[in-house]
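Peer 1: test case, fold it:
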Amino acid sequence: MSSSRTQPGYRIASIPGDGIGPEVISAGITVLKKLATVLGSFNLQFNHFAWSSDYYKKHGHYIPDGGLEDLKKYDAIFFGAVGAPDVPDHISLWSLRLALVQPLQHYANVRPTRVLRGITPPLTSTAASPSNLDWVIIRENTEGEYAGQGGRTHIGKPWEVATEVAIFTRHGVERLMRFAFETARKRRRKKLCVVTKSNAQRSGLVLWDEVAKLVAQDFPDVEWDKMLVDAMTTRMVLHPETLDTIVATNLHADILSDLAASLAGSIGIAPTSNLDPTRANPSMFEPIHGSAFDLVGKGTANPVGTFWTAAEMLRWLGEEKAADWLMVCIENVTEKGVRTPDLGGVAETEEVTGALCEEIERVCSGKGGRGSGGRGREALEAGEY
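Peer 2: Here you go, the predicted structure:
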């Protein structure tokens with residue numbers, strides 16, 4: 001497929017990072033390049049940044065001087081994972097991922113969750129069936145429990161004190177809450193659940209409740225309710241059909257989104273968008289599975305989370321049709337049974353990647369329609385996705 005108009009071009013900063021990050025980011029770039037070539041409607045230029053735990057052990061830091069300013073020249077960031085067995089987790093997280101998210105104002109972390117075609121969710125005896133589980137979890141991403149405020153005194157003494165202070169600002173809560181209501185408004189069901197723990201955390205999370213109530217007045221078309229985070233875990237498992245868009249604090253949504261991914265089949269399929277909704281800075285896109293060092297070098301890392309993340313990146317860049325086509329091709333592949341071991345299959349990373357590239361060629365070039373298996377070009381052009 002080709003286009004006679006001038007093709008938009010996007011510069012993507014690739015930060016594969018640690019563990020299986022390089023494996024899945026490489027697979028994601030292969031698929032994105034294939035999609036761009038077949039569609040012929042946009043161009044992608046990737047520039048790789050070797051910021052990783054190996055880089056840290058060699059240089060003493062993850063991000064070199066001027067690194068953030070370099071990133072601001074790009075349209076988006078494609079991020080793999082951070083974390084190594086011989087680097088304390090709090091050092092790797094705060095020195096790379098959070099060192100990008102916070103100064104680049106990626107205050108909205110968006111994690112869609114649904115059961116992809118061909119994947120059987122683990123709790124099939126419960127209400128968490130494909131028709132019932134279709135959510136977007138929105139996580140506050142720059143303050144809250146991960147604000148980085150606190151410290152330790154009298155280290156090693158019996159009277160040692162360690163504090164971790166959760167910081168909630170009205171500005172931070174309100175901008176995220178408005179983003180959540182706007183997201184819910186764009187979805188078919190127009191439902192939002194606000195998750196806190198305001199019975200026990202009576203200052204910061206009472207502020208969350210109060211701001212939610214105020215912001216809701218500007219969105220009369222959105223049906224909303226609120227839930228304590230502990231009760232929310234059971235609601236997600238037993239009554240997923242009652243949920244659609246979910247908003248929660250940095251810590252709570254971090255935990256809930258991992259539960260959501262597992263309910264949908266595997267943490268290996270889950271995407272993340274770290275967004276600066278003002279678009280003053282490039283947003284960052286990453287699968288949520290982490291570095292997964294137990295899988296490094298085995299060739300079995302699930303690349304689907306990275307592929308879905310790539311689709312979300314395209315959507316954010318304005319290539320919505322390409323994102324739709326990529327998601328259809330991903331689900332055609334999972335429906336055909338080309339799945340890694342975490343989804344009960346036997347396929348390796350390269351096999352899944354190759355199958356997806358073939359599916360992109362088949363569907364997006366017009367070589368395959370409904371009669372070729374899966375959902376094809378006809379369904380996409382009819383707007384059925």
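Peer 1: where does this structure have low pLDDT?
Peer 2: Across the chain, the ranges flagged by pLDDT under 70 are 1-5, 124-131, 367-385.
Peer 1: how is it carved up into domains?
Peer 2: Per automatic domain parsing, the structural domains of the chain span 1-106+277-385, 121-264.
Peer 1: ok now the first one, how far from the chain's centre?
Peer 2: I take that to be domain 1-106+277-385. 10 Å (C-alpha atoms, centre = their mean, to the nearest Å).
Peer 1: quick one, strands of the stretch 201-350 of the chain?
Peer 2: Applying DSSP state E, counting those that start in this stretch to the stretch 201-350 of the chain gives strands spanning 223-228, 245-248, 271-275, 283-287.
Peer 1: now render the domains of the chain as CSV, adding distance to P271 and mean neighbour count.
Peer 2: Every residue, glycine included, has its C-beta placed from N, CA and C. Listed next are the domains of the chain as CSV, based on distance: least, C-beta to C-beta, whole Å; neighbours: other C-beta atoms under 10 Å:
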stretch, distance to P271, mean neighbour count
domain 1-106+277-385, 4, 19
domain 121-264, 9, 17
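Peer 1: wait, which of these is closest to P112?
Peer 2: When those are compared by C-beta to C-beta, domain 121-264 sits nearest P112, at 5.0 Å.
Peer 1: so how far is the first residue of the closest one from its last?
Peer 2: Distance across domain 121-264, first residue to last, is 5 Å (C-alpha to C-alpha, to the nearest Å).
Peer 1: tell me how far that domain lies from the chain's centre.
Peer 2: 15 Å.
Peer 1: roughly how far apart are S273 and H106?
Peer 2: S273 sits 9 Å away from H106 when distances are taken as C-beta to C-beta, to the nearest Å.
Peer 1: overlap in contacts of the two?
Peer 2: 283-284 (C-beta atoms under 8 Å, 6 or more residues apart in numbering).
Peer 1: got the contact list for the nearest residue to M327 once chain neighbours are set aside?
Peer 2: Using C-beta to C-beta, 6 or more residues apart in numbering and skipping the chain neighbours, the partner closest in space to M327 is A311 (5.1 Å). Contact partners of A311, counting by C-beta under 8 Å, 6+ apart, are 271, 323, 326-327, 330.
Peer 1: please redo it, this time with the cut-off set to 7 Å
Peer 2: Contact partners of A311, counting by C-beta atoms under 7 Å, 6 or more residues apart in numbering, are 323, 326-327.
Peer 1: how close does it get to G344?
Peer 2: 23 Å.
Peer 1: now swap in I269 and tell me
Peer 2: I269 is 12 Å from G344, by C-beta to C-beta.
Peer 1: ok, now K226?
Peer 2: Applying C-beta to C-beta to K226 and G344 gives a distance of 36 Å.
Peer 1: please consider this matter closed, and thank you.
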